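Engineer: Turn this into a model:
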Amino acid sequence: MKIATAAYAMDFLDNWQAYADKLGRWVGEAAGQGAELLVFPEYGAMELATLAGRDVALDLEGSLHAVSARIDEADALHSDLATRHGVHILAASGPVFDDALGPRPVNRARLFTPTGACGIQDKQIMTRFERETWHVVPGGPLQIFDTSLGRIGILICYDSEFPLLGRALAQADIILVPSCTEALTGYSRVRIGAMARALENQCVTVMASTVGPCDWSEAVDQNTGMGGVFGPPDIGFPPTGILAEGVLNRPGWTYADVDPARIAHVRRDGVVLNRSHWTEQTDRIGAIRTEMLR
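Structural biologist: Residues are numbered from 1 along each chain as shown. You can find the predicted model right below:
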């Protein structure tokens, strides 16, 4: 399959049609290159807040409500584009107020298929800004989506830095890592996490990033990153584990061809078998002791 992952620059939008036209161009370009799976980044949906005006977009609480109010319309647009182009799309995540989960919003990504089906994945662990300032909360549990492209899991940004969350998705062939990071340090943490999850699970991880400045938002005012597709540095994969990588802070798609048969082969008969040997850690951890050396 061919995967397209975004380095996505958010814009100040004059009206809904401007957003629809922009998304249509992005999806049309990737589909035109033969991509079957398109991955947009974490919090890329924050540009929807600009439809309510600059004052609302600049207000932290106001921006949460403004984006959440537009998610249903955005989902209908993504569903239409996925069906029309015959592609799978991970929509840019955004804050969603879900009454079933409480009074505060979750950070929710949505995966659309060419049949019109939609699966949702909420972020599990909040960053300090999300929990202390924005008061975004964890949502529903991790899921694995069984699609025509294979089994897909999603670890939203910070979630990718936690190996037990990654291990919970060990049955996934592909793990999508939509991210939104202000500085190179944050981008590097998520990139390292994505590469580590590919190593541990012997799978492919796909990182998408927001890029560029947004002077209309306090939440996503600066963005650093690029697209990347990673696998285990083993049989059938590059020795660095990097299948494809964009250019830092340059907007656009990064493409990679991924053969699911190579994932199955490396899991079955790789030079190393990290995924199969994971449980052996338990026995070794149980043997840890403290020894005084003076």
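Engineer: Listing request: residues of the protein with sub-threshold pLDDT.
Structural biologist: Applying pLDDT under 70 to the chain flags residues 287.
Engineer: switch to 90 and redo it
Structural biologist: Counting by pLDDT under 90, the chain shows low-confidence ranges at 116, 281-294.
Engineer: Run through the helices of it in chain order.
Structural biologist: Counting by DSSP state H, the chain has these helices, from start to end: 16-32, 54-58, 60-85, 128, 163-168, 184-201, 260-269, 274-277, 280-285.
Engineer: most neighbours per residue, which of those helices?
Structural biologist: Burial of the helices of the chain is given as mean neighbour count (mean count of other CB atoms under 10 Å); helix 184-201 ranks first at a mean of 20. (Each C-beta comes from the backbone N, C-alpha and C, glycine too.)
Engineer: which strands and helices sit next to that one?
Structural biologist: helix 163-168, strand 174-179, strand 204-211, strand 228-230, helix 274-277 (3 or more CB pairs under 8 Å, 6 or more residues apart in numbering; DSSP states H and E).
Engineer: So what touches the fourth one?
Structural biologist: Taking CB atoms under 8 Å, 6 or more residues apart in numbering as the criterion, the residues outside strand 228-230 that touch it are 3, 5, 191, 194-195, 198, 204-207, 241-246, 254, 256, 258.
Engineer: now those residues: which count as buried?
Structural biologist: In terms of neighbour count (16 or more other CB atoms under 10 Å), the buried residues within the contacts of strand 228-230 are 3, 5, 191, 194-195, 198, 204-207, 241-246, 254, 256, 258.
Engineer: ok, for residue 148, nearest residue in space, not its chain neighbours?
Structural biologist: Leaving aside its chain neighbours, residue 148 sits nearest to residue 113 (7.4 Å; criterion: CB to CB, 6 or more residues apart in numbering).
Engineer: Quick check: residue 267 touching residue 278?
Structural biologist: No. Shown here, residue 267 and residue 278 do not form a contact pair, counting by CB atoms under 8 Å, at 11.7 Å.
Engineer: how about the nearest residue to the residue nearest in space to the middle of the chain, chain neighbours excluded?
Structural biologist: Central residue of the chain (CA atoms, centre = their mean): residue 178, 1.8 Å from the mean position. Here the nearest residue to residue 178 in space, its sequence neighbours aside, is residue 42; by CB to CB, 6+ apart that works out to 4.3 Å.
Engineer: I'd like the distance between that neighbour and residue 2.
Structural biologist: Relative to residue 2, residue 42 is positioned 22 Å away (CB to CB, to the nearest Å).
Engineer: If you count surrounding residues, which of the two has more?
Structural biologist: Between residue 42 and residue 2, counting by other CB atoms under 10 Å, residue 42 is the more crowded of the two (28 against 16).
Engineer: got the contact list for that one?
Structural biologist: When contacts are counted by CB under 8 Å, 6+ apart, residue 42 is found next to 92, 93, 107, 109, 123, 156, 157, 178, 179, 180, 208, 210.
Engineer: Repeat the analysis, applying 7 Å as the threshold.
Structural biologist: Residues in contact with residue 42, defined by CB atoms under 7 Å, 6 or more residues apart in numbering, are 93, 156, 157, 178, 179, 180.
Engineer: and the residue nearest to the centre of the chain, what are its bridge partners?
Structural biologist: residue 208 (DSSP bridges).
Engineer: With adjacent residues omitted, what lies nearest to residue 106?
Structural biologist: Taking CB to CB, 6+ apart, and ignoring the residues beside it in sequence, residue 106 has residue 139 as its nearest neighbour in space, at 3.3 Å.
Engineer: hang on, residue 56 packs against residue 65?
Structural biologist: No. Under the criterion of CB atoms under 7 Å, residue 56 makes no contact with residue 65, lying 8.3 Å away.
Engineer: still on that earlier bit, the residue nearest to residue 106 - how many residues pack around it?
Structural biologist: The local packing count at residue 139 equals 20, with neighbours defined by other CB under 10 Å.
Engineer: hang on, the earlier thing: could I get the helices of the chain as a markdown table with distance to residue 151?
Structural biologist: As requested, the helices of the chain are exported to a markdown table (distance: least, CB to CB, whole Å):
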| stretch | distance to residue 151 |
| --- | --- |
| helix 16-32 | 22 |
| helix 54-58 | 37 |
| helix 60-85 | 18 |
| helix 128 | 32 |
| helix 163-168 | 13 |
| helix 184-201 | 11 |
| helix 260-269 | 10 |
| helix 274-277 | 13 |
| helix 280-285 | 23 |
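Engineer: which stretch among those comes nearest residue 149?
Structural biologist: Ranking the helices of the chain by proximity to residue 149 (CB to CB) places helix 260-269 first, at 7.9 Å.
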